[in-house]
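J.: Sequence plus predicted model, see below.
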Number of protein chains: 2
Amino acid sequence: MSTIEQVALLAKVSVATVSRVINNTAKVNEDTRLRVENAIKKLNYQPNAMGVMLRRETTGLVLILLHSVDNPFFSSTVQGIERIAHENNYNVLICNTYGDRERESHYLKMLKNHLVDGVLLLSNTLTVEEINELDAQYPIVQVIEYSEESKAAYFSVDFYEASRSILKELILPGHKNIAFVHAGSVDIISANEKYRAYRDTMIENDLPVLTPRPQDVVFGFASGKQVTAEILSNHPDVEAFFVTSDLIACGVIDELNAHGYQVPQDKAVVGFDNTIFAYLSHPSITSIELNSFQMGSDAMSFLLKKIRHCKEELKKKNFLPYEIIKRNSI
Amino acid sequence: MSTIEQVALLAKVSVATVSRVINNTAKVNEDTRLRVENAIKKLNYQPNAMGVMLRRETTGLVLILLHSVDNPFFSSTVQGIERIAHENNYNVLICNTYGDRERESHYLKMLKNHLVDGVLLLSNTLTVEEINELDAQYPIVQVIEYSEESKAAYFSVDFYEASRSILKELILPGHKNIAFVHAGSVDIISANEKYRAYRDTMIENDLPVLTPRPQDVVFGFASGKQVTAEILSNHPDVEAFFVTSDLIACGVIDELNAHGYQVPQDKAVVGFDNTIFAYLSHPSITSIELNSFQMGSDAMSFLLKKIRHCKEELKKKNFLPYEIIKRNSI
DNA sequence: TTGTATGCGTTATCAC
DNA sequence: GTGATAACGCATACAA
C-alpha cells in the first residue's frame, strides 16, 4: 500500500501539493499536476479512507438498519434512500438486525464511533429513551416503523387511517364477520395501529371483534396458513380477512383453499403493502400501496439536512399518502 | 464528542492506561481501572473508529456487493455470510450495485481505500483483468456468480450439471418441444451455463433447440409473461418450459393460463433456485435447491482466511451440491 | 504556486 | 503498573 508521502517523494513535491491535486482544492501548476498524477498512477496510489475521514471528521456514509432485506416491501424504500444518497455523493450501507437487540446496538456503534454520518432506522428494538439519547447526539431518522413518543423524526404512513380505509372495502359489501390476521413482530407501531384500526372500526360498525390482539409469531407464508386454520376452527362463519401483509395473505388464501373455500366467492381477503405477492397470488390480492420509495427518499433528504446541521425547521411527523389497489380477492 | 485524552484527564491517568482499560491489553490496578471506567461513563466516551482503524490497519468490516437485495435467492446467502462474519466479530455491509459498473467501482473503492477488510462479489460487471488485479491486492471472493477465467476463488454451484438434471425431469416424461426462458442479465456465468446445458441436452437427445440464446431483458414477473407470449406465437406446439428462475416461472405460468393452457396438464414448467415463489405458485413449481446459505458461509470462511493471510492451500473452485425439488408444475 | 508543520484519535513501544 | 511519545495517513493553516 502506497501513501501520499511516497507519491510526493516520487513526484518531487510536498504532500500538500499531492493532496491539492487529489482533491482539486487549490491551483497547482499544470506540469507539477502532471508529475503528481503520473506518480499516483505509477504507485497505484489510493488514499487511505481512515486517514481522510479522521481528518475530515465526516465519512460520506450512512447506515440503514432493518430487520432483514428479504422483505420485498423494504427494498423499494432502500432504493429511495439510495437515490438521494447517491445524488449527494453519499454511500449507503445496509445491515440486517433480524430484530436482535444486541446486533442492532452493535451496528449502532458504527454511528457512535463516527464510522457513519447518520442512520436510518427502518425497524428497531430500541426503547424510547434509547432513541431519544441517540437522536440528541447523532443524525438519525425513523422510516416506516417509528416510536411516536420519541423525539426523533419519522417518515411513514398513517397505518391507522390506511387500515380503516381498506377495512371499508370489506364492510361496504356487507361482510359482518371479519378476522384480523397478523404475523411477525407485534410490538411495532404498524402492527399496533393496524389492530387498533380493526378494533375501532368493528366496534363503530357494531360488528364483532373476532380476533383478539395477536401474539408474536414468525413472519411468513406458513404463519398465514396456521393462523387461518385457527380462525376457521374458532369462527367457521368468518366471511372476510383483513391481513396485515401480502405474503401472509397468500398463506391465508392457500389455507382457505385447502379447506375447500374459494376466494373471493366464499371468503374475502385483503392484504397490505402492495408487494409483488399481491400481484402474483391467485386470485390477485386487493392491497394498499404505501409510497415506500418516497418514504425512503424523503427520509434520506431529511437525514442529509440533519447531517449538514441545516437550520431549517424540520417536521417530526411525516406521513405519506397511501392508495387502495383493488384486485380480485374481494 | 469526547476523546481518549479527555477521559485520561478526568481519570488522572495517561491515555495509554485508558487504552489498556478499553482493550484489556495489559494489567492495570483495580482502582485505576475503576477511575477510568467512571470517567468513560461520565463523559459518555466512545472510541473513534477512524482513529482505531487507522492505527490498527484493520476494520473488522466486510462488504457484500450484489445486484440488489430484492431477489430472495440472495438473502439466504447473505445470511450465511453474516453467520460466519458475526461469529468472528466481523460486521457485514451490504451494497446494491443494480448491475451498474460505476456504482460497483464506487463501492469497490471502499476496499481499495481500506475501509473494509474484504469483499464478497455476489454479482459483478468487472472484466477478468479487473478481478485479477483486485484479487492480487485485496481479499476478495466470488459467490454464486463468478468468472471462471479469473484467478479469484469462487463458491457456487455447477449450473451446467444442475440444469441438465432438471431438464431430465422434462425429457423423461417424453416432452419433445422444450423452450428455454431467461430474464435478467445474460452475460453472467449462471445464465450462460444454463443455456449451454439446455442446448447440449437438446442436441444430445435429438430434440429441437427451440430458443436461441436470449437477449438482456429486465428481471421480473412481467418478463416471464412477455417471453412466454413470444414463444407461444413462434412455437404453438411447445410442451415444456425450462425457466432459469422461479419468479420468472410464475410469469410463464400466468401467461400460459392467460392463453387458456393449464399447468401441468397442457404444458410443463420447471423453475430454478427454489425460492418462496416456487412454493407459493399455483401450481407449485418444481425447482432446484442450491445451498445458498452454505455458499455464503463457506465463502465468508474463505474470505476470513484470506484476510488473515492464512497459509493454508485454498481451492479456487468450490461447487456445492444441489437438489431437485419436485412439485406440481410437471 | 508550493512547502512546512500541526493535529485529527488512537495504539503500541519503550522507558521508568 | 504506568506514562511519555512516536506513528498510522491525511488535510489544511500558515509561511514563503
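T.: That came in fine, so what should we check first?
J.: Contacts only, for the residue in the stretch 101-250 of chain A that chain B sits nearest to.
T.: Closest approach between the stretch 101-250 of chain A and chain B, counting by CB to the nearest CB: A:N113, at 3.7 Å. Placement of C-beta: from N, CA and C, glycine included. With CB atoms under 8 Å, 6 or more residues apart in numbering or on different chains as the criterion, the residues that contact A:N113 are B:46-49, B:52.
J.: Up against chain B, what does the stretch 1-150 of chain A have?
T.: A:1, A:46-54, A:59, A:68-70, A:72, A:75-76, A:78-79, A:82, A:86, A:91-96, A:103, A:106-107, A:109-110, A:112-115 (CB under 8 Å from any CB of the partner chain).
J.: Just the buried residues of the residues you listed.
T.: For the residues of the stretch 1-150 of chain A next to chain B, burial is judged from neighbour counts taken by 16 or more other CB atoms under 10 Å in any protein chain shown, and it is met by A:46-54, A:59, A:68-70, A:72, A:75-76, A:78-79, A:82, A:86, A:91-96, A:103, A:107, A:110, A:112-115.
J.: Can you give me the neighbour number for whichever residue of the stretch 201-330 of chain A sits closest to chain B?
T.: Across the stretch 201-330 of chain A, no residue is closer to chain B than A:H282, which sits at 4.7 Å (CB to the nearest CB). A:H282 has 19 neighbouring residues, counting by other CB atoms under 10 Å in any protein chain shown.
J.: Can you give me the distance of the residue nearest to it when sequence neighbours are not counted to A:N257?
T.: The shortest distance from A:H282 to any residue that is not its chain neighbour, by CB to CB, 6 or more residues apart in numbering or on different chains, is 4.7 Å, and that residue is B:H282. With distances taken as CB to CB, to the nearest Å, B:H282 is found 9 Å from A:N257.
J.: What of A:Q6?
T.: From A:Q6 over to A:N257 (counting by CB to CB), the distance is 69 Å.
J.: And A:N71, by the same measure?
T.: Here the criterion is CB to CB. By it, A:N71 lies 24 Å from A:N257.
J.: Pick out whichever of these two has more residues nearby.
T.: Of the pair A:N71 and A:N257, A:N71 is the one with more neighbours under other CB under 10 Å, namely 22 against 15.
J.: check contacts around the more buried one.
T.: A:F219.
J.: Ok, the one 5 residues further on next?
T.: Contact criterion CB under 8 Å, 6+ apart gives A:292-293, A:296, B:70 as the residues in contact with A:S76.
J.: show me which of those neighbour DNA strand C.
T.: When the contacts of A:S76 are checked against DNA strand C using CB under 7 Å from any atom of the strand, none falls in range.
J.: and which of those residues is nearest DNA strand D?
T.: Using CB to the nearest atom of the strand, A:G296 comes nearest to DNA strand D of these, at 30.0 Å.
J.: Pull the contacting residues for the closest one.
T.: By CB under 8 Å, 6+ apart, the contact list for A:G296 reads A:76-84, A:120, A:143.
J.: Would you quantify the distance from the residue of the stretch 101-250 of chain A closest to chain B to B:G60?
T.: When CB to CB is applied, the distance between A:N113 and B:G60 equals 11 Å.
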